[in-house]
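In: Would you be able to build a 3D model of this:
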Amino acid sequence: MKYQIATAVFLFASLSSVTSEAKDQTTQHQRYYAAYEKIVENINRTHENADVTLLAANQFADEDWVSPERFQERALKRLKPLRVQTSLEWDSERTLERTERGNDVRIIGNFETELLEQSKRQRLSDVFSMTSLAIDGGKWTQTGFSGTPIDALQTMVVTVSGIYAKQGILTRHHITKEYHCSWYGEIYY
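Out: Next up is the predicted model:
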């Protein structure tokens, strides 16, 4: 009987410390989240065109809970343009891709070209599709794209818009890239 009581007391004491640690962590997360809200509010107020949003606390991963100073560094870094990997897709079998390390988002373009009879030269005539996705552990939601031809239809300026969420921070981005068409219809960037 003494053994059972001692075991029960030991288990209760162990559970008490776990419960206490969980309460301490919850309290720290609440303090951090309040500080994060102030940081985001200050960034949006003091930086022109800033559009930073704080994700809900329950959407934070464990590694997202960092000191307010580190969070501010992350939030300010997100004001800079995203690093983009560009790809071209001709059909389901052929893709041209320029791979670079440390990118945030991958953009895949699919274009149509046409032959100009007068000059016997190809030109960009349309953007079939622009798709994009996060490639670094963040979450990217594409909200739209547009293409504007320039340089006598030899270049297409494409803007892909979307929302990027990572490390508890949500930002809106408009990524602009130029795609070019050679005399023979080859598309490159």
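In: for this structure, what are the low-confidence residue spans?
Out: 1-24, 89-102 (pLDDT under 70).
In: Using the three-state scheme, assign the residue nearest in space to the middle of it.
Out: Centroid check for the chain by C-alpha atoms, centre = their mean gives Y164 as the closest residue, at 3.3 Å. Following DSSP: H, G, I helix; E, B strand; the rest coil, the label given to Y164 is strand.
In: Surely it touches L170?
Out: Yes. Applying C-beta atoms under 8 Å, one finds Y164 in contact with L170, separated by 7.2 Å. Any C-beta I mention is one placed from the backbone N, CA and C, and that applies to glycine too.
In: does the residue nearest to the centre of the chain have beta-bridge partners, and which?
Out: Y164 has these beta-bridge partners by DSSP bridges: W140, T171.
In: who's in contact with it?
Out: Contact analysis of Y164 by C-beta atoms under 8 Å, 6 or more residues apart in numbering lists R78, L82, D104, V105, A134, G138, K139, W140, L170, T171, R172, H173.
In: Mind doing that once more with 10 Å?
Out: By C-beta atoms under 10 Å, 6 or more residues apart in numbering, the residues touching Y164 are 78, 82, 104-105, 134, 136, 138-141, 170-173, 175.
In: now swap in V84 and tell me
Out: 98, 100, 103-107, 132, 135, 160, 173, 175-177.
In: Give me the buried subset of those.
Out: Members of these that pass the buried threshold by neighbour count (16 or more other C-beta atoms under 10 Å) are listed as N103, D104, V105, R106, I107, S132, I135, V160, H173, I175.
In: need the contact list for the third one.
Out: Read that as V105. Per C-beta under 10 Å, 6+ apart, neighbours of V105: 82-86, 132-136, 138, 140, 142, 160, 162, 164, 173, 175.
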